[in-house]
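Chemist: Output the structure for:
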Amino acid sequence: MRLSLLDRSRTRAGHPDGAALQHGVERAVTVERLGYARFWAAEHHGVPGIASGAPAVLLAAVGARTTRIRLGSGGVMLPHHQPLVVAEQFQMLAGLYGDRVDLGVGRTLGFTPPVRQALRRPDAEPDDFLDDVAELRGYLERTAPVTARPVVETPVPLFVLATGRGIVGAAALGLPVVLGGPVLDSPDLPATLAGYRRDFRPHRGSEPSVTISLDVLVADTDAEARDLALPEVWAMVASRRTGSFDPLQPVPEIRERLADDRDAARAQAGLDRVTAGSPATVRRRLEQLAEATGADELLASGSTYDRDALAASDAALAALLR
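Modeler: Numbering: from 1, shown residues only. This is a model prediction of the structure:
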């Protein structure tokens, strides 16, 4: 599998939010040297622990510091935007950085009612995601009544961040899919992907393509890697009590807070869902996923408080898939 990186711009306790963006740019420069194929940026709105709500802006900064790695979104949440505006943003990136720009789109709405209201997306609105994807592709391919500018020679490639329904839609539109989260553990996944490949309708010579996105952290031992995963898992555990997805905390501080048996059990369950371990452990998990999905690419999305340990994990993962 090709290896790429999804950076969520996770903030860290004791550091300003802007530092997460600077750290993301530095991480992109490093993984380019390690041979990663793509650097993708996420879009989240109103989340205390995530600094990036505008992937195109972050990708512009990454493009200015890199020369080879592809720049993409994982993804732009299309229900929040007009397709023409998204096309213009990513064609501007292509105008600046040439034929190394990707556009991943998803359908997730804001996490809380106030955020959805701020984004002008009431829950009762119809789901027109696939229509928006088709419209967006029309702008990128210059088949729409309006020409998105700047005009670029090669259309920016589209990817669909998908679950069950999205996978069916991606097949109908002849687009590659990116799968992550609980869908990767579904017993129905092999059959779902077999249906995607069977029902795929090629568009301009496109072929079925599957990327799997999951949290991956590598260290010398399984125990060390699970420690790396703990800050992200703890943020999720704590959010169930506080209602807030907070910045990453140092591991020693988290361990002091795990005296509550219920929180400790939830943290243990969360760690079990992360692909975190020694190189041998991670290799086994990736081989299982590759066999189950026939994936062409891994979009790794691990994060932790310790930036040096995170850099070492990125390097170990690159060595594992080289």
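Chemist: ranges for the helices of the stretch 51-200 of the chain?
Modeler: Ranges of helices within the stretch 51-200 of the chain are 55-65, 83-97, 113-118, 129-140, 164-173, 189-199, based on DSSP state H, counting those that start in this stretch.
Chemist: The third one: which residues count as buried?
Modeler: In other words, helix 113-118. V115, R116 (16 or more other Cβ atoms under 10 Å). (Each C-beta comes from the backbone N, C-alpha and C, glycine too.)
Chemist: Identify each buried residue in stretch 193-203, please.
Modeler: For stretch 193-203, a neighbour-count test (16+ other Cβ under 10 Å) marks L193, Y196, F200 as buried.
Chemist: Out of these, the closest to D260 would be?
Modeler: Closest approach to D260 among those (Cβ to Cβ): L193, at 39.6 Å.
Chemist: wait, what's in contact with the closest one?
Modeler: Counting by Cβ atoms under 8 Å, 6 or more residues apart in numbering, L193 makes contact with I167, V210, T293, G294.
Chemist: could you redo those as a markdown table and give each row neighbour count?
Modeler: Output for these, formatted as a markdown table (neighbours: other Cβ atoms under 10 Å):
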| residue | neighbour count |
| --- | --- |
| I167 | 21 |
| V210 | 20 |
| T293 | 18 |
| G294 | 15 |
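Chemist: In strands only, show me those.
Modeler: Using DSSP state E, the subset of the contacts of L193 located in strands is V210.
Chemist: Of the contacts of L193, which is the nearest to L96?
Modeler: The nearest one, if we look at those relative to L96 and count by Cβ to Cβ, is V210, at 29.3 Å.
Chemist: what's across from the closest one in the sheet?
Modeler: Bridge pairing for V210 (DSSP bridges) gives the partners V177.
Chemist: where does the nearest residue to R255 once chain neighbours are set aside sit relative to A172, distance-wise?
Modeler: Among residues not flanking R255 along the chain, L230 sits closest, at 8.0 Å (Cβ to Cβ, 6 or more residues apart in numbering). Distance of L230 to A172, given as Cβ to Cβ, to the nearest Å: 41 Å.
Chemist: Neighbour count: these two, which is higher?
Modeler: L230 (26 against 15; other Cβ atoms under 10 Å).
Chemist: Confirm that one sits in a helix?
Modeler: Yes. The assignment for L230, made by DSSP: H, G, I helix; E, B strand; the rest coil, places it in a helix.
Chemist: L271 is in contact with that one, correct?
Modeler: Yes. With contacts counted by Cβ atoms under 8 Å, L230 reaches L271, the gap being 6.9 Å.
Chemist: mind checking pLDDT for the residue nearest to R255?
Modeler: pLDDT for L230: 97.
Chemist: Quick check: the gap between it and R12.
Modeler: From L230 to R12 the distance is 14 Å (Cβ to Cβ).
Chemist: Check A64 too.
Modeler: Going from A64 to R12 by Cβ to Cβ gives 24 Å.
Chemist: and the contacts of L193 as TSV, adding pLDDT and distance to V160?
Modeler: Listed next are these as TSV, based on pLDDT from 0 to 100; distance: Cβ to Cβ, whole Å:
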residue	pLDDT	distance to V160
I167	94	8
V210	97	11
T293	94	15
G294	95	17
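Chemist: For the contacts of L193, give me a markdown table that also has distance to L158.
Modeler: Shown next, in a markdown table, are the contacts of L193 (distance: Cβ to Cβ, whole Å):
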| residue | distance to L158 |
| --- | --- |
| I167 | 15 |
| V210 | 15 |
| T293 | 20 |
| G294 | 21 |
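Chemist: circling back to that earlier point, out of the helices of the stretch 51-200 of the chain, which gets nearest to F39?
Modeler: In terms of Cβ to Cβ, the element of the helices of the stretch 51-200 of the chain nearest to F39 is helix 55-65, at 5.8 Å.
Chemist: can you state the direction angle for the closest one and helix 83-97?
Modeler: Between helix 55-65 and helix 83-97, the angle comes out at 0 degrees (axes from the mean of the first three to the mean of the last three Cα atoms, to 10 degrees).
Chemist: roughly how far is helix 55-65 from the heart of the chain?
Modeler: Mean-position distance between helix 55-65 and its chain equals 16 Å (Cα atoms, centre = their mean, to the nearest Å).
Chemist: That one - contacts with which helices or strands?
Modeler: Here helix 55-65 touches helix 17-34, strand 38-41, strand 70-77, helix 83-97, going by 3 or more Cβ pairs under 8 Å, 6 or more residues apart in numbering; DSSP states H and E.
Chemist: Nearest to T112 among the ones you listed would be which one?
Modeler: With Cβ to Cβ, the closest approach to T112 among the helices and strands packed on helix 55-65 belongs to strand 70-77: 14.2 Å.
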